[in-house]
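Visitor: Provided below for reference: sequence and predicted model.
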Amino acid sequence: MNSVILDLTGTRKLTSQEEFQKYLDSIAAQQSGTPDSTTPQAETPDSTTPSIAESSSFEGDSRFIEANNYGLALQELRATLPQGNAFHPLVSGLPRPLTIKETLLSCIENFNTSHNPDGTERSLKDRKRLFLDYFDTCTGIHYNPNTDKFIIIPCCDRLITLDSSFSEEFVNVPYGTLPGVELDRTKSKYGSFLTKQEVLQHKGWLALFENDAVLLKEYADLVFSLNKGNLMAFWLKPKTNVTSPELRAVCVYSLSNSSPAFGSYDLSSNACFLLKSPSSSQKFLGGAK
């Protein structure tokens, strides 16, 4: 998926994967462990109309919905999945985006599916395909302005029920009014790449996995087996740039960009949701981007 990336100051546009990777490499080279270091912000796949890109056919297969912003992606999701559809989760009668945990569990399940329904062996490239994409989720991050505090909301109703016309950068919601896990950016390493051991002990990553340390380890084991070096950074918006109680959606970036989590996603930018398919008997078109 072709993406446009901005740093958090909004002053630098990184217009290619290669430029983004160089930017991440430069950050990695000067890692200091400082929680408030300037970090890149995942923004937009480069498209003009909502679309669905679907993966190859095998048990537990998945599909993608992509649109110009989070609200339009929700609209596309609601139109694509009728209410009551048994294979995709609902909230208040509405199909919802997957959580971080559900999304990354799908990546694991995809990778661990070694054979197609017809018995032929899947290639490593095909098994890795979900690790190579960018996904938005319904997992929320709610910032307490001008402090080190923020809340991770694993399945955020306030995001799920946004109107399709919503096109703001974030949702302004009074801090502390949404249920979740409150964290302190000074208590774990944010804004820099991590060793696997740091990931496994990271309070932010554990919160994203709803405190499922076993699944986090399974995911981290896969990521660190498929890529080298320090990986899986957790980018936050710098404290000095948060002047209101911002609610945003957490997204995850691709293996080729070191599989970070972004807590700085702009809801007015393009969004991509991962969906489950109802049956491996469906023949999907398209492929990994």
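Guide: Now that the structure is in, tell me what you want to look at.

Visitor: Helix or strand with the lowest mean pLDDT in this structure?
Guide: strand 40-45 (a mean of 32; mean pLDDT, DSSP states H and E).

Visitor: Let me see the ranges of the helices in the stretch 1-150 of the chain.
Guide: For the stretch 1-150 of the chain, the helices defined by DSSP state H, counting those that start in this stretch occupy 17-29, 70-80, 100-112, 124-127.

Visitor: how distant is the shortest one from the center of its chain?
Guide: This means helix 124-127. Averaging C-alpha positions (CA atoms, centre = their mean, to the nearest Å) puts helix 124-127 20 Å from its chain's average.

Visitor: then that helix to CSV, C-alphas only?
Guide: The C-alpha coordinates for helix 124-127 follow below in CSV (Å, rounded to 0.1, in the frame of the first residue of the first chain):
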residue,chain,number,x,y,z
LEU,A,124,6.6,-17.6,2.6
LYS,A,125,5.8,-14.4,0.6
ASP,A,126,2.1,-15.2,0.7
ARG,A,127,2.2,-16.1,4.4
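
Visitor: tell me which residues in it are buried?
Guide: 126-127 (16 or more other CB atoms under 10 Å). For every residue, glycine as well, the C-beta is placed using N, CA and C.

Visitor: Just the mean pLDDT for it, thanks.
Guide: Here helix 124-127 scores 90 as its mean pLDDT.

Visitor: packing partners for that helix?
Guide: On a contact count with 3 or more CB pairs under 8 Å, 6 or more residues apart in numbering; DSSP states H and E, helix 124-127 meets helix 100-112.

Visitor: Please list all residues in contact with residue 198.
Guide: residue 189 (CB atoms under 8 Å, 6 or more residues apart in numbering).

Visitor: Distance of it relative to residue 107?
Guide: Counting by CB to CB, to the nearest Å, the separation of residue 198 from residue 107 is 20 Å.

Visitor: Residue 129 is in contact with residue 110, correct?
Guide: Yes - between residue 110 and residue 129 a contact is recorded at 7.1 Å, counting by CB atoms under 8 Å.

Visitor: What count of nearby residues applies to the closest residue to residue 170 other than its chain neighbours?
Guide: Leaving aside its sequence neighbours, residue 170 sits nearest to residue 246 (CB to CB, 6 or more residues apart in numbering; 4.1 Å). By other CB atoms under 10 Å, the residues close to residue 246 number 23.

Visitor: For residue 246, list each beta-bridge partner.
Guide: Assessed by DSSP bridges, residue 246 has beta-bridge partners residue 172.

Visitor: I'd guessed it sits against residue 237; true?
Guide: Yes - using CB under 8 Å, residue 246 is in contact with residue 237, at 7.3 Å.

Visitor: okay, and the common contacts of these two?
Guide: residue 143.

Visitor: so where is the stretch 151-289 of the chain shaky, pLDDT-wise?
Guide: Low-confidence segments of the stretch 151-289 of the chain, defined by pLDDT under 70: 277-289.
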